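Trainee: got a structure for you, letters missing:
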Ligand code: 5GP
Ligand code: MG
Ligand code: MG
């Protein structure tokens, strides 16, 4: 097992090993490959956090598939609309496509509960969600996760694409913030 580390002066302890992550991703890729055979699904990875997960998952697929990436940004709309979430870089035409969203972690569920209805509007044949991690205890907005690697407690995690204030994304394992 890897050693504890410090990022921006905070202590993190190893939580999910590289082997455990790879194993779960292989299982997920096998399930998706089975469910989507002949459908040529379009994967949409959500940057930045999901880049590593999306890459490893995509490599394990044994079916024809496409992938594209977007960034979700929130800006202040009018007073009545409040914060508005917008997808940057969605170039693919998703009308009639089988779409699979790739997300790093579903925490409160707020981001996806705002984004998924926007996608529905564009007439995809189906939309499913593949997430690396979920923290059910933090959920304030209900979200259905169709493909999932790990359910984790409500503690901050970094590594394997996930950052703590922009650092830690390059770690091969996932670390948990240590309670001091
Ligand atoms: P939401 O609360 O809208 O479900 O989560 C939005 C985003 O916050 C996630 O996609 C992820 O990028 C980030 N996030 C949530 N929990 C964590 C965490 O424990 N660690 C890190 N690094 N990012 C998180
Ligand atoms: Mg994310
Ligand atoms: Mg972040």
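Mentor: Yep, that arrived. Source: prediction; values computed, not measured. Ligands and ions are numbered 1, 2, ... in the order given.
Trainee: what packs against the helix or strand of the chain with the lowest mean pLDDT?
Mentor: Confidence across the helices and strands of the chain bottoms out at strand 83-88, with a mean of 84, counting by mean pLDDT, DSSP states H and E. Applying 3 or more C-beta pairs under 8 Å, 6 or more residues apart in numbering; DSSP states H and E, one finds that strand 83-88 contacts strand 66-76, helix 110-120. (C-beta placed from N, C-alpha, C; glycine too.)
Trainee: do you know which of these lies nearest ligand 1?
Mentor: helix 110-120 (3.3 Å; C-beta to the nearest ligand atom).
Trainee: tell me the angle of the following helix or strand past the closest one relative to helix 110-120?
Mentor: The first helix or strand that comes after helix 110-120 along the chain, using DSSP states H and E, is strand 126-134. Here strand 126-134 runs at an angle of 170 degrees relative to helix 110-120 (axes from the mean of the first three to the mean of the last three C-alpha atoms, to 10 degrees).
Trainee: Residue 143 - how many residues pack around it?
Mentor: Per other C-beta atoms under 10 Å, the neighbour tally for residue 143 reads 19.
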